[in-house]
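[1] quick one, what's the 3D model for this:
(chains A and B)
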Amino acid sequence: MDNQTVKIDPRNNVRTRFAPSPTGRMHVGNLRTALYAYLIARHAGGSFMLRIEDTDQERFVEGALDIIYRTLAYAGLSIDEGPDKDGGYGPYVQSDRCRMGIYQKYAEQLIAQGNAYYCFCTKERLESLKTNAGDKEFAMYDKHCLGLSKEEIAEKLAAGVPHVIRLNVPHEGTTTFHDVNYGDITVDNAELDDMILIKSDGFPTYNFANVIDDHTMGITHVVRGNEYLASSPKYNLLYDAFGWEVPVYVHCPLITDENRQKLSKRSGHSSFEDLLDQGFLPEAIVNFVALLGWSPEGNSEILSMDELIEKFDFLKINKSPAVFDIGKLRWMNGEYIKKMDDAAYYEKAMPYVEAAAPSIRDKKALADLAKSRIETFCDIPELLGFFEKVPDYDISMYTHKKMKTTPALSLEVLKKVLPALEAFEDYTNDALYAFLQQFAAENGLKNGQVMWPIRTAVSGKAMTPGGATQLMELLGKEASLTRIRAAIDKLTAAAEA
RNA sequence: GGCCGGUUGGUCAAGGGGUCAAGACGCCGCCCUCUCACGGCGGAAACAAGGGUUCGAUUCCCUUACCGGCUACCA
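    Model (predicted):
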């Protein structure tokens, strides 16, 4: 066997990989695993590889490959090697590797060494091995086929009897494996099932393909989810059987929803693309997800990809699961929006602004107004919708304690200020502000007693982006006056009722 | 059921035998102010429980509880 032909990277570089199954949209947990693998590689100046684990023919989803590439690209994770970028360790798709007989070859080596064996047991027999305990069924293979003679095996093989190849786990002793994060984990070999290496369809199982590929592709740091922790000792058995060096294991804690359950489709923010659809920026998602299970030294949390690369330390990854708090992601996204330069911001925000307030001429001013007030782009319609149409509102909104206004006073003020505004021509913020300030002074009113009624009248909202005069500038004279007149009617009607 | 993990404010988290137990989100209050937002300042809020070890445990050990994972011809 030529398991010594493994290529060793001449620079002895750190090599990590992201190895998703093409089964649909990319989960944020997967994204974080990919990110950590990427950061480990980049931090060390090593390389990052993409490998496709498509050994389960039934779960394959059409188009899933595109999603993987798209997600990686949006997230800013550049790959050095992968299906579309051969780095000398290919192929990078497991079904291709399977067709080349790679897994079969290694499985046969194990059989020759006595570390694995053919198993011809039927589903029915396997079923009969199951025992009930509590509300679940459990089965441990009984090594039945290990007792088959060479002749029997050859006969069944020749006859084409369906079979799998199983690992021959010793009954005695313990197996210990080491994770940089979780430390040593030791289990009794008696607890370990004779896991299937090659399925009856000829494809390897994840457990087997993973070990073969990580080794033959020169992976130095295996980054994966916590769900593999319990089965990891089995992998060591495989490495030992081949006489291969065990890579560094970096297991990541689970990311859960607010109910501490596995993130699901139902939680609505389970995948990277869902989040993009909800108006989040890829940079913010990446930043946020990086901080779920790891934290940098110091107190800053807004970190660019370059900063993440510089600061990331896989030795400081948390052990406990983290709740995905969409509220904090929203805040972080808002921070990213505020930091965007004009060009990038307008490009993202304009479509939403156009849709929210098509009749307002100065779209950029609207977008500017929104910039410090939104957390995702999807907040724009709600924020700016009143520019298009005054919503139904209650006149109680004219009552404001601090501004010292009431509906009655508001009506009085609006009636008085209307002719003045009709006569006024310069509908720019500064001019209007100066004008209204003077109006207030002349009439013995506080600023707020003039501004609040006007702002309410032109917006119909208790809270608006920008003050009364800013809104009037954007609405223009005609629309502003129309809205104030409508407010006077509304208040008059209410007063008479 | 067995095995393997985990448990610091509501959430993300730092710390790790002696601390007033960081910081962030959220929440509350104050300031700024033509409302809101931004920005600034301040506040409430945590070591799962019980046993050890120790002069001293949030930190080390054990037990329990709770949560999660694995126990597939899924990854």
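[2] wouldn't A:Ala357 be in contact with A:Ile380 here?
    No - judged on CB atoms under 8 Å, A:Ala357 makes no contact with A:Ile380 at a distance of 9.1 Å. For glycine as for every other residue, the C-beta is placed from the backbone atoms N, C-alpha and C.
[3] what sits against the residue in the stretch 351-497 of chain A that RNA strand B sits nearest to?
    As assessed by CB to the nearest atom of the strand, RNA strand B sits closest to A:Gly467 within the stretch 351-497 of chain A, at 2.5 Å. Listed by CB atoms under 8 Å, 6 or more residues apart in numbering, the contact partners of A:Gly467 are A:433, A:451, A:455.
[4] check whether the host helix or strand of the first one contacts RNA strand B.
    Taking DSSP states H and E as the definition, one finds A:Tyr433 inside helix A:429-442. Yes - when contact is scored as CB under 7 Å from any atom of the strand, part of helix A:429-442 falls within range of RNA strand B: A:429, A:433.
[5] just stretch A:369-376 next, same as before
    Yes - counting by CB under 7 Å from any atom of the strand, RNA strand B is contacted by stretch A:369-376 at A:372-373.
[6] extract the C-alpha trace of that stretch and format it as PDB.
    Taking Å, rounded to 0.1, in the frame of the first residue of the first chain, the C-alpha atoms of stretch A:369-376 are listed here in PDB:
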ATOM      1  CA  LEU A 369     -31.700  60.500   7.100                       C
ATOM      2  CA  ALA A 370     -32.100  56.700   7.400                       C
ATOM      3  CA  LYS A 371     -28.400  55.900   7.800                       C
ATOM      4  CA  SER A 372     -28.000  56.400  11.500                       C
ATOM      5  CA  ARG A 373     -31.500  55.200  12.300                       C
ATOM      6  CA  ILE A 374     -31.700  51.700  10.700                       C
ATOM      7  CA  GLU A 375     -30.200  48.400  11.800                       C
ATOM      8  CA  THR A 376     -31.000  46.500   8.600                       C
END
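[7] quick check: buried residues in it?
    Across stretch A:369-376, burial judged by 16 or more other CB atoms under 10 Å covers A:369-371, A:373-376.
[8] cool, stretch A:148-166 as well?
    A:148, A:153, A:156, A:163-166.
[9] cool, stretch A:274-281 as well?
    Those would be A:274-275, A:278-281, for stretch A:274-281 by 16+ other CB under 10 Å.
[10] same check on stretch A:92-105?
    In stretch A:92-105, counting by 16+ other CB under 10 Å, buried: A:92-94, A:97-98, A:102-104.
[11] same thing with stretch A:213-227?
    Neighbour-count burial for stretch A:213-227 flags A:213-226 (criterion: 16+ other CB under 10 Å).
[12] show residues contacting it.
    Under CB under 8 Å, 6+ apart, the answer for stretch A:213-227 is A:6-9, A:13-19, A:29, A:33, A:36-37, A:40-41, A:46, A:49, A:51, A:89, A:94, A:97, A:102, A:239, A:242, A:244, A:247-254, A:314, A:321.
[13] filter those residues down to the ones in strands?
    Within the contacts of stretch A:213-227, residues falling in strands by DSSP state E are A:15-18, A:49, A:248-252.
[14] format those residues as CSV; extra columns: neighbour count.
    Shown next, in CSV, are the ones in strands among the contacts of stretch A:213-227 (neighbours: other CB atoms under 10 Å):
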residue, neighbour count
A:Arg15, 25
A:Thr16, 29
A:Arg17, 29
A:Phe18, 25
A:Met49, 25
A:Val248, 16
A:Tyr249, 21
A:Val250, 21
A:His251, 21
A:Cys252, 28
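[15] and the gap between A:Ala230 and A:Leu383?
    48 Å (CB to CB, to the nearest Å).
[16] pick out whichever of these two has more residues nearby.
    A:Leu383 (21 against 11; other CB atoms under 10 Å).
[17] over to that one: give its phi and psi.
    In terms of degrees, to the nearest 10, the main-chain angles of A:Leu383 are phi -70, psi -40.
[18] show me what contacts it?
    A:356, A:370, A:373-374, A:465.
[19] do you know how far it is from A:Ser372?
    Distance from A:Leu383 to A:Ser372, by CB to CB: 11 Å.
[20] and which of the buried residues of stretch A:148-166 is nearest A:Asp66?
    Distance to A:Asp66, by CB to CB, is smallest for A:Val164 among those, at 32.4 Å.
[21] and the pLDDT for A:Arg25?
    Note on A:Arg25: pLDDT of 86.
[22] that one contacts A:Asp66, doesn't it?
    No - assessed by CB under 8 Å, A:Arg25 is found out of contact with A:Asp66, at 10.9 Å.
[23] helix or strand right after the least confident helix or strand in chain A by mean pLDDT?
    Every helix and strand of chain A was ranked by mean pLDDT, DSSP states H and E. The lowest is strand A:131-133, at a mean of 75. The helix or strand immediately downstream of strand A:131-133 is strand A:136-138, counting by DSSP H and E.
[24] which elements pack onto that following strand?
    Counting contacts by 3 or more CB pairs under 8 Å, 6 or more residues apart in numbering; DSSP states H and E, strand A:136-138 packs against strand A:131-133.
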